[in-house]
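Enquirer: no FASTA, just this:
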């Protein structure tokens, strides 16, 4: 009962037109939900609504009917009793006659018709009755927009769902549609209306006795007046239909039935001749649809008119310049406009559908004039624009026609190709094996650019039409090309070879021609194997014969790459073999011999580019590179000249830059690379002497990089084998002697950089292996390795320190040495022999500083050099520990901070350079390194490690800064703090802005004193700018506004770095977002500074200054 | 006061595309001396008082109309009003001066003139500017 009470309430509220639309929606929702839940049945609702549906008050009755209709709309998915549906259909059909309640009646009808796949459908008879009632009593065009849309939807649904019933109605439905659509102007309604026309034409497909045949003219008149579509009111309405979509629908409607043909084609041809681009494009698109739908027979009689119109459209494009650039080697070489593109599509469609259309093309006098045009000018540049246009358009017409089908291709080749060959003076040559250069035959060749272009375009266009199977090799066009192939290849070759550097057109056309010939692949290609190889040889010889990077060289390389990837894509085994034999082996052997006029980096570039087209080639290349590396390296240490070692570094760079990034794409590449790495070790092992100069230093760098990355990408097993190999080499060298050096002060004091260069190379490479290895790889004899690295980093070898960091970072349980033991060796195995440490010193222990390493860092003994090396090494070890989340990093941080104090525990300040290193150690700890300890090299990374370090160190650094006594120590502490702050994620800073802001500002002013810290200053400034804009930091920024402005004003004249000045000015501009009262007092100060910046030597700063000045001036005038 | 527009149908030129200067933007060495494009670009936002076109589009200003001597700190701007009797010439001149005052350091001396023969009342215009 309560439900019914509520119902009356909701009914009342919906029927009351004075209530707001949201009220109406609410009551609708409430009733619908009770209907859906089954609390209320539709019968009950109708009974309850009795009064609203039958009252004599028009307004209330209309609302009541609408309510019922809306309910049905909600119940589209719900099964209903057939009788109920029938009576409702009858009801709504009857109500269509009442114009006052027509909205509700239409909505109700639509809701009923839309019911699909559920119990309770409208019967065909009811539907017919509904349609008749609507036709009889509803004047669509006199209704409002929304009602019209419902009408169209209703008609659409009726046509879609009850085709038989609609066919029964015959002429009536066609008339009604015409009447309904006539004069419609709203795009969403038109969308449906055009669809209705399409549906209607599908109902009556047969030509005889169709009501449509008689009415076609009227119906077409009604829709054709929209063509071409043009929106007069485009403003605002986002929900409106885009023109493209509506135009597509219209085109479908026009092309929907062949009955429209007598009216449509003349109209479209007329519109095609208009000067409006939109009209042209639309007509071409529509014609394309019509050609498909109307069929060949109906279209045939229009060909005579169609061809000239189409030709005009093709000639309409204005671009006449052919590009001879590298990028257009695989494209037509010119830009196509929209009209042009559509015209090309239409031409292709016509030829494809009916070969007889081609007759018009072939017989066209303008097309046939092409030979004359070609033979008039030999160089493309010399041609006037009209001739260029003629050649481009005709070659396009011929290509498109040829591409359409095999028959059309045959016809084009039969009619034009001979003529073209004649014009160019290229004669048939059957003896394909005969490579003897025949003077007589080439003498008559006249290589007109226009003709070459046409020829290349034809060959390129036909390449997809090669029959795949052997038996159909008698395809006429193939045999024509086959007869000329030898001479064609010769002709193209001679064009390339005769080209100068300045004339890129010759080189371009020649290479493109060879490429086109080479791309004629397939089962029965007109180009034989020997000819294909000849093409490859020519291109390869172009590459090898050059001395510098010319256009020709790049073109030839690109052509080879194209052919390589083409072969790979279509898996042509035989061609791939030829390619391997001619191109790949040739280039790889060049890389090995290096006795070639071509500069070595260019050989490498060509080889790596060409070989990456197919995995097999890559394999060959890596083997070749390995060989090349070995021979160059041995050449170097036997003869000692520097040329081969330079080649080695270039080779390694090529491996790192070109091959390594593709390791996941190419199967098996990893294996070859590991083999490469091991043979590097083999070479180094067998070299007895290795002394180097500058170029050798470069080689070591390159070798380290390559080694690191190969180990990084290798699988664990392969890593193990590389590590084992490397360890063997290490053990056989003089390096193990270092392990026996006791880690005592006395022993370390005597250390200098006294490694032989060979040992240094081995050590660096070994460190790289360790850096790249994953935690799962097993390291042999970790303890002695740690000792070795300890000694070497104290000698000043940074890679050793990085390797040590990697070891402590990745050391797992599987190893023979635990992390505890490793740290023990590093930190605590110290006071061995009785040296001269006085007992006072040892008593004064600060946390962590009792170890030898920390004592060296703090400068208790040893030279400054030793001290700085120890500090840097300690930083790398600390980084390893920090990233895995080990607590020992805290001790290291404390030692480093101790180094920064103005007077440390020993009572005296450190050497400035040691302090500088200690401050920079924080950068090592916090920043992401490219070289080691990153994801690529399998570092163990604990989440949020930076945040943790930040929260530990920042408070200590802050208190140290407050208590620092010398300016130097203060600056250094600020540098350290800046490193920590600028490397932590910005959200952390934002959470602590209040506390950090004064420190950042103080840091900025401390760092701006010296030019050395400019990079650090800039990163700190970026942190500040981050806090200014964020909502979290705004309060403390506002509190500190005066300090911030003072600091930024100072930085606007920072001499050493332009970006600092620029950013400072930008920050000043953002400060304007602060409350007006807060910043107003500083305007004079800021304006003065910014005005000075207007005279800045750098333009970017000046531009920022202008903007900032305008912004700050405007707050003065506003107040 | 004239009713309606002084020049109802101005000749409008296409906006010229200029190659953006990207090279060496972040290099710290060397100077970027002030050049005419700096000045011209600062006028980009000034619209003709009567039409929604920039002064450059209306050919009031162009590269040729700006002369710059960085050593003597002098800038000479010669603009061409769209019609001989343009009553807005003085306003345009003042706009240019105000804009330059915003954008240039103080040590430049700026002269703004109407190009010879382009305005009926050259002398008086000069006085106001």
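Expert: Structure received. It should be emphasised that the depicted structure is a prediction, and the values quoted were computed from it without experimental measurement. Numbers count the residues shown, from 1 in each chain, chains lettered A, B, ... in the order given.
Enquirer: Just the buried residues of the longest helix along chain B, please?
Expert: With secondary structure taken from DSSP state H, chain B has its longest helix at helix B:89-103. The neighbour-count criterion (16 or more other Cβ atoms under 10 Å in any protein chain shown) identifies B:89-90, B:92-93, B:95-96, B:99-100, B:103 as the buried residues of helix B:89-103. Bear in mind the C-beta positions are built from the backbone N, C-alpha and C, glycine included.
Enquirer: Residue A:99: how many residues sit nearby?
Expert: Around residue A:99 there are 15 other residues, counting by other Cβ atoms under 10 Å in any protein chain shown.
Enquirer: What is the burial count for the nearest residue to it once chain neighbours are set aside?
Expert: For residue A:99, the nearest residue in space outside its immediate sequence neighbours is residue A:137; the separation is 7.9 Å by Cβ to Cβ, 6 or more residues apart in numbering or on different chains. By the criterion of other Cβ under 10 Å, residue A:137 has 16 neighbours.
Enquirer: wait, doesn't residue A:137 sit right on residue A:93?
Expert: No: counting by Cβ atoms under 8 Å, residue A:137 does not reach residue A:93; the two are 9.7 Å apart.
Enquirer: Check the gap between residue A:664 and residue A:713 for me.
Expert: With distances defined as Cβ to Cβ, to the nearest Å, the gap from residue A:664 to residue A:713 amounts to 8 Å.
Enquirer: These two: which is more packed in?
Expert: In terms of neighbours (other Cβ under 10 Å), residue A:713 is the more surrounded of residue A:664 and residue A:713; the figures are 20 against 9.
Enquirer: Check that one and give its pLDDT.
Expert: In this prediction, residue A:713 carries a pLDDT score of 87.
Enquirer: ditto for the one 3 residues further on
Expert: For residue A:716, the model assigns a pLDDT of 87.
Enquirer: tell me the contacts of residue 68?
Expert: If you meant another chain, say so; for now it's chain A. Going by Cβ atoms under 8 Å, 6 or more residues apart in numbering or on different chains, residue A:68 touches A:45-46, A:49, A:53, A:88, A:104, A:108.
Enquirer: Chain B is the one I meant
Expert: Residue B:68 neighbours (Cβ under 8 Å, 6+ apart): B:34-36, B:39, B:74-76.
Enquirer: what about it, helix or strand, and which?
Expert: Secondary-structure element containing residue B:68, defined by DSSP states H and E: strand B:66-69.
Enquirer: Correct me if wrong: residue B:92 contacts residue B:81.
Expert: Yes: under the criterion of Cβ under 8 Å, residue B:92 is in contact with residue B:81, at a separation of 7.0 Å.
Enquirer: of the buried residues of helix B:89-103, closest to chain A?
Expert: For those, the residue nearest chain A by Cβ to the nearest Cβ is residue B:103; the value is 4.9 Å.
Enquirer: Quick check: nearest residue in space to the closest one, chain neighbours excluded?
Expert: Nearest residue to residue B:103 in three dimensions, chain neighbours excluded: residue B:42, at 4.4 Å (Cβ to Cβ, 6+ apart).
Enquirer: Can you read off the backbone torsions of the one you found?
Expert: Torsion angles at residue B:42 (phi, psi; degrees, to the nearest 10) stand at phi -70, psi -20.
Enquirer: Repeat that for the one 3 residues further on.
Expert: Residue B:45 has phi and psi values of phi -90, psi -10 when expressed as degrees, to the nearest 10.
Enquirer: got a pLDDT number for the spatially closest residue to it that is not a sequence neighbour?
Expert: For residue B:45, the nearest residue in space outside its immediate sequence neighbours is residue B:54; the separation is 7.6 Å by Cβ to Cβ, 6+ apart. Listed pLDDT for residue B:54 reads 78.
Enquirer: Now for residue B:54, how many residues are close by?
Expert: Other residues near residue B:54 number 18, with proximity taken as other Cβ under 10 Å.
Enquirer: Need the pLDDT of the spatially most central residue of chain B.
Expert: Central residue of chain B (Cα atoms, centre = their mean): residue B:61, 4.9 Å from the mean position. Model confidence at residue B:61, given as pLDDT, is 82.
Enquirer: ok so residue A:720 is a strand residue?
Expert: No: assignment of residue A:720 by DSSP: H, G, I helix; E, B strand; the rest coil gives helix, placing it outside any strand.
Enquirer: residue contacts, it?
Expert: Applying Cβ under 8 Å, 6+ apart to residue A:720 gives the contacts A:777-778.
Enquirer: now do 10 Å
Expert: With contact taken as Cβ atoms under 10 Å, 6 or more residues apart in numbering or on different chains, residue A:720 is in contact with A:714, A:773-774, A:776-780.
Enquirer: For it, give its distance to residue A:39.
Expert: 73 Å.
Enquirer: who's in contact with the residue lying closest to residue A:182 once chain neighbours are set aside?
Expert: Taking Cβ to Cβ, 6+ apart, and ignoring the residues beside it in sequence, residue A:182 has residue A:222 as its nearest neighbour in space, at 5.2 Å. Applying Cβ under 10 Å, 6+ apart, we find residue A:222 in contact with A:177-184, A:193, A:197, A:215.
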